[in-house]
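S.K.: dropping a prediction and its sequence here:
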Amino acid sequence: MMKLIKTASVAVLLLGMGLTTVESVRAQSREQITTSNSYTVAQAVTRANSPLYGSWKLTYSVNGIVYESVLIMNGYTGGMGTTYFDPRLRRTRVISQFMELRSSSQGLILVGSNPVDYHTKRPATDYSPDNFLFSIRPNGRLVAITCDRARQCSDVNVERVRIN
């Protein structure tokens, strides 16, 4: 069942990513996300109907490495800065990237692109852009998942923050 969830999530996330307006929440356990096939999902990814404004702290991990991101959305686009420890370089890195809001039958999708090393201002060609799926299930639970283009996935903790 977990493989089906991850496969469906990756299919949706690789097509485009997004986010809903939520107050401070912690990602709940994933529920099964079903799709008839990837063609159906591809038909469902469109521009979001409603813009998103605000800022959030997103925390997730991949292969034991914790990523802390600050997402700032201003309508259908925004930016995100991500801090993490890069074991290959043996130092903390900060990556900034452009974010675009999309919609799908599974929820709102946030698609990352153009990752740049914040300190060097050079493209971070070794960093796979982040993508997120956020949806509120019929029972009221938030499902927040990230999968990058390298197909590395994680649940996401979401916290609304204020940026001055």
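M.R.: Received the coordinates, thanks. Source: prediction; values computed, not measured. Numbers count the residues shown, from 1 in each chain.

S.K.: identify the residues contacting residue 112.
M.R.: Counting by C-beta atoms under 8 Å, 6 or more residues apart in numbering, residue 112 makes contact with 17, 80, 97-99, 129-131, 148. Any C-beta I mention is one placed from the backbone N, CA and C, and that applies to glycine too.

S.K.: assign a three-state SS to it, would you?
M.R.: Counting by DSSP: H, G, I helix; E, B strand; the rest coil, the backbone at residue 112 sits in strand.

S.K.: count of neighbours near the residue nearest to it when sequence neighbours are not counted?
M.R.: Distance criterion C-beta to C-beta, 6 or more residues apart in numbering; nearest residue to residue 112, sequence neighbours excluded, is residue 129 at 3.7 Å. A count of nearby residues for residue 129, using other C-beta atoms under 10 Å, gives 19.

S.K.: tell me which element residue 129 is part of?
M.R.: Secondary structure assigned from DSSP states H and E places residue 129 in neither a helix nor a strand.

S.K.: got a list of what it touches?
M.R.: When contacts are counted by C-beta under 8 Å, 6+ apart, residue 129 touches 97, 111-115, 148-149.

S.K.: which parts of the protein are helices?
M.R.: Taking DSSP state H as the criterion, the chain contains helices spanning 2-15, 38-44.

S.K.: can you give me the strands in this protein?
M.R.: Taking DSSP state E as the test, the strands found in the chain are 46-47, 52-62, 65-75, 77-86, 91-104, 107-117, 131-136, 142-147, 153-155, 157-161.

S.K.: buried stuff in stretch 100-108?
M.R.: Judged by neighbour count (16 or more other C-beta atoms under 10 Å), stretch 100-108 contains these buried residues: 100-104, 106-108.

S.K.: hey, least reliable of the helices of the chain by pLDDT?
M.R.: Here these differ in mean pLDDT, and the lowest is helix 2-15 at a mean of 36.

S.K.: how close does the residue most central in space within the chain sit to residue 92?
M.R.: When C-alpha atoms, centre = their mean is applied to the chain, the residue found nearest the centroid is residue 132 (2.1 Å). Per C-beta to C-beta, to the nearest Å, residue 132 is found 22 Å from residue 92.

S.K.: cool, and residue 141?
M.R.: Per C-beta to C-beta, residue 141 is found 33 Å from residue 92.

S.K.: name the residue in those two with the higher neighbour count.
M.R.: Between residue 141 and residue 92, counted using other C-beta under 10 Å, residue 141 has the larger neighbour count: 15 against 9.
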